[in-house]
Every structure is written in C-alpha cells, then in structure tokens.
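> coords please:
(2 chains)
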Amino acid sequence: GAVVSQHPSRVICKSGTSVKIECRSLDFQATTMFWYRQFPKQSLMLMATSNEGSKATYEQGVEKDKFLINHASLTLSTLTVTSAHPEDSSFYICSARAGISARSNYGYTFGSGTRLTVV
Amino acid sequence: AQKVTQAQTEISVVEKEDVTLDCVYETRDTTYYLFWYKQPPSGELVFLIRRNSFDEQNEISGRYSWNFQKSTSSFNFTITASQVVDSAVYFCALLMEYGNKLVFGAGTILRVKS
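Got it, this is the predicted structure:
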C-alpha cells in the first residue's frame, strides 16, 4: 500500500514554456502533499506544502508565481513550472501523507521524481 | 530549531564489509519521529524505517539495523555484509509530533565496490 505516482519522470522543455508535473496517491487519500526540489548531490529542499482544497504554503525564497501548485482533490496535486528557464532545471519530487497527524501509519510516501531539463 | 546532521558526505566500502551511516539530530520536542530513506541512482526515495522518540528499541531488518540513542541524539544505520545494490544516497530525516515537514539531513553517498 501507500503508493505515489509522479509523472512525467523526465521532461525536456524549451525556455519560456510551462511544464506541469502530476503527483497522485494511488491507494490512499493524501490530505497533505509536499513538493521538493533537489539539486545534484544535494539534499531535498522543501518548496511548498499543499492541503486539499486550499492554497499551498510556500517556503521562504520560493516564487509562488513561478511554481504553481494545485491540490484539487485528495489524490492529486500538480506543480506547474511557469515560463521555465534553464536555472529551473532540477529534480522535483512530491510526497504525500495520509491522516491528520504524524502518527499516521503511512508516514510520508514519495513519488519517483521528475527530472526537468530546460533548454 | 530542528536539524539533522549527516556528517559523512561519502563512504566507499568493498562488498561484504559492514558500514554504519551516522545521523545526529537536534530538537527540543519530547515527541518526534526519525526516518531513514534510500535514494538509488534512479532517484526515487525509498522508505526504510520510521522510529518514534518514545521507542528506543533498536531494530533489525535483514542486513539493516538501526541504533537509536536519545542520550546522544543519534539514529545510526548499519548495513551488514554490504552489497553493490546498496550503493545509493541515504537520508536521515526528522519530524515533530505536531509538525508537518520532514527535516532532511544532507545525505550520505554510499558506494559499495565489488
């Protein structure tokens, strides 16, 4: 159980275009989803936290207008990188959590990540 | 403030050697949760273990074992008889009881050579 599907796994886009990444919880309802960015050989940097039906909470330094997050249902969250530039190239990973407290049996389940390359 | 330190940036071992990955955490909370994740070259994060702060029992799962010591705020991870497939980046993470965000360490790159 507790599977999170993330698509696409790889995407190459032209500078100036927008890219949408999807994160789906397949066998549980994710009340909260998280989006991370990971630079090569570095740790995961939390970008934003989204709760179903409400606006995402962004971490300091993350541009809300650049990284649009939508969490329209309990099983789907999307991250749209708008007007992408080469510096947005990175590995993006989503995570989903079920339950309302940290005592949830599922803990945090991660997607397989999306490698974005902006050319 | 919460913080996780993985002082070992990179470790290289030869297959069949035992290896221990260190994790030291900082928190003022009395209830918290500690995690270990494996990130193979393909990129996905694989959950290995979650340990609650009120449960200091060490855990063994096959070749993996974890040593949780609250007195030293450490949650170390040992792989016994390492294999090439263990090569990955390993992350230790911390979560507060009523928190929402995992705090990750910097990760340790483990290279197991045949």
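> quick check: residues of chain A near chain B?
By the rule C-beta under 8 Å from any C-beta of the partner chain, the part of chain A lying against chain B is A:32, A:34, A:41-44, A:46, A:49, A:91, A:93, A:95, A:101-102, A:107-113, A:115. Every residue, glycine included, has its C-beta placed from N, CA and C.
> rerun that using 6 Å as the cut-off
By the rule C-beta under 6 Å from any C-beta of the partner chain, the part of chain A lying against chain B is A:43, A:44, A:46, A:102, A:107, A:110, A:112, A:113.
> in strands, which of these appear?
A:44, A:46, A:110 (DSSP state E).
> ok, the second one - contacts?
Put plainly, it is residue A:46. The contact partners of residue A:46, by C-beta atoms under 6 Å, 6 or more residues apart in numbering or on different chains, come to A:36, A:59, B:101.
> tell me which residues touch the last one, please.
Each residue near residue B:101 by C-beta under 6 Å, 6+ apart is listed here: residue A:46.
> the second one too?
For residue A:59, the contacting residues are A:46, A:47, by C-beta under 6 Å, 6+ apart.
> phi, psi of it?
phi -80, psi 160 (degrees, to the nearest 10).
> around residue 107, how many other residues sit close by?
Going with chain A. Here the number of neighbours of residue A:107 (other C-beta atoms under 10 Å in any protein chain shown) works out to 20.
> looking at chain B here, not the other one
Per other C-beta under 10 Å, the neighbour tally for residue B:107 reads 24.
> pretty sure it contacts residue B:89?
Yes - at 4.7 Å, residue B:107 and residue B:89 qualify as touching, with contact defined as C-beta atoms under 6 Å.
> top of the residues of chain A next to chain B by neighbour count?
Highest neighbour count within the residues of chain A next to chain B, by other C-beta under 10 Å: residue A:44, with 26 neighbours.
> show me what that one is bridged to.
Using DSSP bridges, the beta-bridge partners of residue A:44 come out as residue A:38.
> right, and residue B:75 touches residue B:67 too?
No - here residue B:75 does not reach residue B:67: they are 7.4 Å apart, not a contact under C-beta under 6 Å.
> out of the two, which sits in the more crowded spot?
Taking neighbours as other C-beta under 10 Å, residue B:75 and residue B:67 compare with residue B:75 leading, 26 against 16.
> which element is the more buried one on?
strand B:74-79 (DSSP states H and E).
> that older thread, how about a markdown table for the ones in strands among the residues of chain A next to chain B, with pLDDT added?
Output for these, formatted as a markdown table (pLDDT from 0 to 100):
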| residue | pLDDT |
| --- | --- |
| A:44 | 93 |
| A:46 | 94 |
| A:110 | 92 |
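> chain B: which of those is nearest?
Proximity of those to chain B (C-beta to the nearest C-beta) peaks at residue A:110, which lies at 3.9 Å.
> list just the nearest of the ones in strands among the residues of chain A next to chain B to residue B:57.
When those are compared for distance to residue B:57 (C-beta to C-beta), residue A:110 wins out at 25.7 Å.
> okay, and the beta partners of the closest one?
Beta-bridge partners of residue A:110, as defined by DSSP bridges: residue A:95.
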